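1. coords below, sequence missing:
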């Protein structure tokens, strides 16, 4: 009788360090392309998934959420917080980790950091949506909000949508400098701007990604011309929006999962039955995406559990070839499954 | 600028091995007493907690659940599966892990195995309930179902309720033998029995803890005499019950959290408005527990997130003195919180 953990007891864990190694090994744009491929594949089989709005625990200064889903064979969930005031403390606004498990046994098959992975999947999802919705030939993106997510958005839109120029604006010029510095030499024309108005000049895609918890108006109605695609990333919890309501009513609105987006997204500002289109239905061809050149399309992104599931599946598929994980002794797995107590007793003789 | 993970990035992890060491270091009965103290303390401040029925993902052969709660300062959740068919595959029916996090920042403060810890907290909760509900001077317990939870129940009732004799019965005599062997020499009179009827002879407390998913009738009405306390542990998901309905209508029923128990507990069999008492209100003195000697009290236990929270808090409080954890590099924590991208770039120079 072995006193070492059994194979079932060991769960591969992808640390922050190993996630960074994986990103560098695969290449950041290539990895977002790979995750985008998984996201599209999962969106096309959307009806098959167990779907539920995230389970949120709100406090006065932030939120902690669990985001579970399952495709019937694999179960996944993400733990994620959102604390805008963290930045002042030198902490991340959003941190996350996630898990995949085998539906047949309930045993976990991978635990992973997801702070970095969430940044990758959020940008990949935005770019996939724009691939389906943005005007043909879009090559310039305004990037309003130059925080932790900005570089990922810029590179995902380069890799997946063919964007050539990003125009950066943030209320804090230090954030813009940081973003421009990180994007230098990566094949994008990077234009730091002094106002949101300047940033959107000539842009076919407008991305907003700010972290204020209050209702804010990052874009006003007069700033948004005909024919653009808006990628609204930052409004993602109750009371947190970025766009003026008048922009919404001029736009065709596309969302991930309506029951969640109506609580958390820009469409909080609209009636509960205001018509929106589910992005997955555009991908399956069930409904049209962009229908006219002058149309304003809006992806009201809040982030959904299926995207995390897709990203975790991507990472899991890389583990064998790369070895970029360590084993955690996380599941008590006695030789006789009914003898949990005896396993503890025998540990004293180990 | 350091390339090593910062202190914020590291989350103490209690592996299965370290949990076993902790149990052996503290003593199993002492640890259940310690957890019981935390559970009682948390039940007394029940209204303060964020409460939600667990978030369950059901498949044909099992369930995977997330059980979150928060007291406003600390957030906790547990991942737990229930797969009765696992045992035939040599796997645990129930495995679990859990996490505590700081509500103020959303950062995790401890990750822990919870397969063993769930066994301890489930038994501690049962014993705490019986301390408040069982007839005075109860000294004999029938233990029907001798699987992975049985020894923990027996020892918790010894340590917390003063039980001196356990009478064991399981449809599989091998399980009873295992249980009797593990309990030998621990200060309990252990009586293996050949039927449920024999097991309940002279018992003031009847504990049922079986793992069938189907509605089963472990106890029929004629087996339950006046004045006993029933501790129904095994009925804990939709369609899974252990007691005949007629027993329920003869009993005063005590539950953890009615919205969850009505879905998962024995009271699935009763009308949705059938009167039940919340255990925490007995502890605060708001309502009466047992009121008469001939009364049948029933604790319809399904397990609630606050009990896991209490158990995790107990373990967390032991970490500093015992050192029984390892640090996981789980939270990406760049020096500049807005520079997640730069952290990845710098890793390539590490």
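-> Structure received. Not measured: the values here are computed from a predicted model. Numbers count the residues shown, from 1 in each chain, chains lettered A, B, ... in the order given.
2. Report the residue ranges of every domain in chain A.
-> Using automatic domain parsing, the domain ranges for chain A come out as A:7-116+A:306-337, A:125-304.
3. Which parts of the stretch 201-350 of chain A are helices?
-> A:245-250, A:258-264, A:279-284, A:305-322, A:340-347 (DSSP state H, counting those that start in this stretch).
4. Let's have those helices in a markdown table, adding distance to residue A:60 and mean pLDDT.
-> Where C-beta positions appear, they are placed from N, C-alpha and C, glycine not excepted. A markdown table is the format used below for these (distance: least, CB to CB, whole Å; pLDDT from 0 to 100):
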| stretch | distance to residue A:60 | mean pLDDT |
| --- | --- | --- |
| helix A:245-250 | 26 | 94 |
| helix A:258-264 | 18 | 90 |
| helix A:279-284 | 33 | 98 |
| helix A:305-322 | 25 | 97 |
| helix A:340-347 | 41 | 90 |
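5. Serialize those to CSV and add fields for distance to residue B:167 and mean neighbour count.
-> Shown next, in CSV, are the helices of the stretch 201-350 of chain A (distance: least, CB to CB, whole Å; neighbours: other CB atoms under 10 Å in any protein chain shown):
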stretch, distance to residue B:167, mean neighbour count
helix A:245-250, 67, 16
helix A:258-264, 50, 19
helix A:279-284, 57, 20
helix A:305-322, 47, 21
helix A:340-347, 18, 20
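6. sorry, back to before: got the domains of chain A as a markdown table, with distance to residue B:216 columns?
-> Shown next, in a markdown table, are the domains of chain A (distance: least, CB to CB, whole Å):
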| stretch | distance to residue B:216 |
| --- | --- |
| domain A:7-116+A:306-337 | 19 |
| domain A:125-304 | 36 |
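7. Out of these, the one nearest chain B is which?
-> Among those, domain A:7-116+A:306-337 comes nearest to chain B, with 2.4 Å by CB to the nearest CB.
8. Can you report phi and psi for the closest residue to residue A:94 other than its chain neighbours?
-> Take residue A:94 and drop its neighbours on the chain: the residue closest to it by CB to CB, 6 or more residues apart in numbering or on different chains is residue A:82, 5.6 Å away. The main-chain torsion angles of residue A:82 are listed as degrees, to the nearest 10 and equal phi -140, psi 110.
9. what does the one 3 residues further on give?
-> Taking degrees, to the nearest 10, you get phi -80, psi -10 for the backbone angles of residue A:85.
10. Now do it: how many residues are near it, please.
-> Close neighbours of residue A:85, defined as other CB atoms under 10 Å in any protein chain shown, add up to 15.
11. Would you confirm that it contacts residue A:63?
-> No - if you go by CB atoms under 8 Å, residue A:85 and residue A:63 don't touch, sitting 11.9 Å apart.
12. Pull up the gap between residue A:227 and residue A:12, please.
-> 47 Å (CB to CB, to the nearest Å).
13. Same question for residue A:69.
-> According to CB to CB, residue A:69 stands 20 Å off from residue A:12.
14. Quick one: low-confidence residue ranges for the stretch 101-250 of chain A.
-> For the stretch 101-250 of chain A, applying pLDDT under 70 flags the ranges A:212-215, A:235-237.
15. which residues touch the residue nearest to the spatial centre of chain A?
-> Note on chain A: the residue nearest the mean C-alpha position is residue A:122, at 2.4 Å, using CA atoms, centre = their mean. By CB atoms under 8 Å, 6 or more residues apart in numbering or on different chains, the residues touching residue A:122 are A:149, A:152-153, A:233, A:301, A:303, A:307.
16. And residue A:91, by the same measure?
-> A:83, B:8, B:105, B:107, B:333, B:337.
17. element containing residue A:117?
-> Assessed by DSSP states H and E, residue A:117 sits inside helix A:115-133.
18. got the angle between that helix and helix B:340-347?
-> Per axes from the mean of the first three to the mean of the last three CA atoms, to 10 degrees, the angle that helix A:115-133 makes with helix B:340-347 is 120 degrees.
19. any idea which helix or strand comes after helix A:115-133?
-> Sequence order places strand A:140-144 as the next helix or strand after helix A:115-133, per DSSP H and E.
20. close to chain B, is that following strand?
-> No - Strand A:140-144 does not reach chain B (CB under 8 Å from any CB of the partner chain); its nearest approach is 12.7 Å.
21. Can you list the strands that that strand pairs with?
-> If you go by DSSP bridges, strand A:140-144 pairs up with strand A:165-169 (parallel), strand A:205-208 (parallel).
22. Counting neighbours, what do you get for residue A:29?
-> Neighbours around residue A:29, by other CB under 10 Å: 16.
23. Leaving out sequence neighbours, find the closest residue to it.
-> Once flanking residues are discounted, residue A:29 sits nearest to residue A:159: 3.8 Å by CB to CB, 6+ apart.
24. Within the helices and strands, which one has the one you found?
-> Taking DSSP H and E as the definition, residue A:159 sits inside helix A:150-161.
25. Return the list of helices and strands in contact with that helix.
-> helix A:28-44, helix A:115-133, strand A:140-144, strand A:165-169, helix A:173-183, strand A:205-208, helix B:340-347 (3 or more CB pairs under 8 Å, 6 or more residues apart in numbering or on different chains; DSSP states H and E).
26. so which strand or helix has residue A:78?
-> Counting by DSSP H and E, residue A:78 is part of strand A:74-82.
27. So which bits of the stretch 101-250 of chain A are right by chain B?
-> Neighbours of chain B within the stretch 101-250 of chain A, by CB under 8 Å from any CB: A:101, A:103-108, A:113, A:115-116, A:119, A:146-152, A:175, A:178, A:181-182.
28. Cool, thanks, talk later.
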